[in-house]
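A.B. asks: fold the following.
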Amino acid sequence: QNAILFQENIATIDVADPNHVMLVVEDLLPQINVNSGLDNCSKDVTSYLDILHILYEDAEQQLESLQRFWEQKEYSDFIILIHGLKTQLLNIGYVLLAEDARALEMAGKENRLTYIEEHLEAFVTSYKELKKQLEEVDEFRFIFTSRIWKSTVFIRSSRRIFCERKSAFRLGNALTRRNF
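C.D. replies: Below you'll find the model as predicted:
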């Protein structure tokens with residue numbers, strides 16, 4: 001019997017069960033091979049969520065640095081940073097964006113600056129979208145790591161998840177506590 005029952009965008013998730021938690025993460029990050037990322041963390045859900053948290057926290061600063069290095073023609077720093085981003089993306093299981101980073105890295109190493117000029121903006125846009133998705137995962141991470149409830153009802157609506165019990169947490173732009 002499936003422990004997670006979906007019925008019209010409503011699912012009961014056991015937040016103490018790592019498998020249930022990973023189903024939520026997979027739903028929030030559909031472009032990422034979460035199982036691959038989890039394998040890179042020795043199948044430790046908390047470690048994987050922590051790595052996603054660090055990636056979320058560092059994303060804006062890393063993108064600013066990447067763009068600054070490019071604009072100031074600091075190509076060696078650009079190559080080092082894009083290499084690091086590629087590795088981070090592979091570690092979380094985001095193979096497609098990691099491949100884009102690899103292509104930018106190789107273009108930098110081969111001094112194909114036109115390629116970087118043509119593809120950097122698309123990479124930055126995709127990375128910013130990932131950051132938005134990681135924000136939702138980071139808010140969900142709070143529920144999982146605080147172990148507030150053994151089970152929670154999640155209602156999914158327009159890329160947001162709402163959790164309901166005696167108190168509730170809204171996952172979206174801000175984490176708020178509401179009483180019902």
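
A.B. asks: what sits closest to residue 116 if chain neighbours are left out?
C.D. replies: With sequence-adjacent residues excluded and distances taken as Cβ to Cβ, 6 or more residues apart in numbering, residue 116 is closest to residue 107, at 5.1 Å. Glycine gets a C-beta too; all of them are placed from N, C-alpha and C.

A.B. asks: looking at this protein, which helix or strand is least sure?
C.D. replies: strand 176-179 (a mean of 30; mean pLDDT, DSSP states H and E).

A.B. asks: related to what we said a few turns ago, helices or strands up against whatever helix or strand the residue nearest to residue 116 lives in?
C.D. replies: When secondary structure is defined by DSSP states H and E, residue 107 falls within helix 95-109. In terms of contact count using 3 or more Cβ pairs under 8 Å, 6 or more residues apart in numbering; DSSP states H and E, helix 95-109 is assigned the packing partners helix 75-92, helix 113-146.

A.B. asks: okay, now the unreliable bits of the chain?
C.D. replies: For the chain, the stretches flagged by pLDDT under 70 are 1-17, 142-180.

A.B. asks: again, 80 this time
C.D. replies: The model of the chain has pLDDT under 80 over residues 1-21, 139-180.

A.B. asks: could I get the buried residue list for the helix or strand hosting residue 22?
C.D. replies: Using DSSP H and E, the secondary-structure element containing residue 22 is helix 18-28. Within helix 18-28, the residues that qualify as buried are 18, 20-25, 27-28, counting by 16 or more other Cβ atoms under 10 Å.

A.B. asks: now the angle from that helix to helix 113-146?
C.D. replies: Going by axes from the mean of the first three to the mean of the last three Cα atoms, to 10 degrees, helix 18-28 is angled at 140 degrees with respect to helix 113-146.
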